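Undergrad: Okay, predicted coordinates and the sequence, questions at the end:
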Amino acid sequence: MNPGQFVMLRSALAGVQAVAAHSRHAFARHTHEQFGIGVMRLGAQVSHSGRGQVQAGPGHVITVNPGEVHDGAPISGARAWQMLYLDPSVVARAAADLRADGRGYEFEHPAQDCPALARDVLALYAQATAGAAPLACDVLLLRILARAGVPAAGARRREPRAVPEAIRHARGLIDDDPAAALSLADLAAASGLSRYQVLRAFARATGLTPHAYQMQRRLLLARGLIRQGTALADAAAAGGFADQSHMTRLFVRAYGVSPGRYALAAG
């Protein structure tokens, strides 16, 4: 692949998407509704993650959990990676076989040097994009999740950051209708705070400004509609974007691929 390329490949596994990239693109802070796990093939990047700032170099495994605010920028020149994005239902089914305590699943390390795990991730990527037998893919997926997310005995898990009740109300107003034309005054009224207070508290609690959070929710809404086969113009309208080109600009900035390419790979 040449620098600047993002390729979204068809996956033979239901609920799993495969993306390869070779790019100098710096991603703004964004979120996914899926679990992401991949391998850096060359170059290096620095990124904000749910564990703070991390760096990943060649051969490192990189992960992201659903809803986790993250970004990514090259350290020097272009970097390349291969990623698998797993629907939460796929992970939940597999994780149920790994742990009997009923706890939710979470990737533990946003970046780690683990050659055995990297080999399995790249093998699953190859199998998924080549249309391999389900049994081979199932074995690899279970092994990957066992290595990447289940803490060792006695390991201390990170507690999720508590979101103040006032901000939950403001966030809920956006979540209930991402396409709505909300103002900061609307969020302040829902939270019982002043506009300045809700702006500061929202960013502190979520890692995003209210506007950035609303744009992420709109992108996730549009992306889900596109996966279901909705026409791009209709997805843009339903997502509250000014037009299709507005959605496309933000989509590429967040995910590296255009909505059209995403639709082709997801179809």
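TA: That came in fine, so what should we check first?
Undergrad: and the closest residue to D234 other than its chain neighbours, how many neighbours?
TA: Of all residues not flanking D234 in the chain, L225 sits nearest, at 7.4 Å (C-beta to C-beta, 6 or more residues apart in numbering). Heads up, the C-betas are built off the backbone N, CA and C, glycines and all. Residues near L225, counting by other C-beta atoms under 10 Å, number 20.
Undergrad: quick thing: my sequence starts at 19, can you match it?
TA: Sure, I'll start numbering at 19, so the last one becomes L243.
Undergrad: quick one: L243 and G258 touch, right?
TA: No: contact criterion C-beta atoms under 8 Å: L243 and G258 do not qualify, at 11.8 Å.
Undergrad: where do the helices sit along this structure?
TA: Secondary structure of the chain (DSSP state H): helices located at 106-114, 133-148, 152-167, 183-194, 202-209, 213-224, 228-245, 250-256, 262-273, 277-284.
Undergrad: wait, doesn't A164 sit right on L116?
TA: Yes: A164 is within contact range of L116, at 5.6 Å (criterion: C-beta under 8 Å).
Undergrad: what about the two, which has more around it?
TA: The residue with more neighbours, out of A164 and L116, is A164; 16 against 12, by other C-beta under 10 Å.
Undergrad: and the more buried one, what does it touch?
TA: L116 (C-beta atoms under 8 Å, 6 or more residues apart in numbering).
Undergrad: how about 10 Å then?
TA: Residues in contact with A164 (C-beta atoms under 10 Å, 6 or more residues apart in numbering) are 112-113, 115-117, 135, 138.
Undergrad: Would you mark the buried spots in stretch 60-75?
TA: Using 16 or more other C-beta atoms under 10 Å as the test for burial, stretch 60-75 gives 61-63, 65-68, 72, 74.
Undergrad: Reformat those residues into CSV and put pLDDT and distance to A207 next to each item.
TA: Putting the buried residues of stretch 60-75 into CSV (pLDDT from 0 to 100; distance: C-beta to C-beta, whole Å) gives the following:
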residue, pLDDT, distance to A207
G61, 95, 47
A62, 95, 45
Q63, 95, 40
S65, 93, 35
H66, 88, 31
S67, 88, 33
G68, 79, 30
V72, 94, 38
A74, 96, 42
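Undergrad: separation between L211 and H229?
TA: Separation of L211 from H229 (C-beta to C-beta, to the nearest Å) stands at 16 Å.
Undergrad: The two: which is more packed in?
TA: Using other C-beta under 10 Å as the criterion, L211 and H229 rank with L211 on top: 20 against 13.
Undergrad: which residues does that one contact?
TA: Shown here is L211, whose contacts under the criterion C-beta under 10 Å, 6+ apart are 182, 184-185, 187-188, 205, 217-220.
Undergrad: Apart from its neighbours in sequence, what residue is nearest G149?
TA: In space, and not counting its chain neighbours, G149 is closest to A30: 4.1 Å by C-beta to C-beta, 6+ apart.
Undergrad: if we can go back for a sec, right, and the residue nearest to D252 touches A251 too?
TA: No: using C-beta atoms under 10 Å, L243 is not in contact with A251; the gap is 11.1 Å.
Undergrad: so what's G90 up against?
TA: Here G90 is in contact with 41, 43-48, 63-67, 72, 74, 80, 82, 97, 99, 274 (C-beta under 10 Å, 6+ apart).
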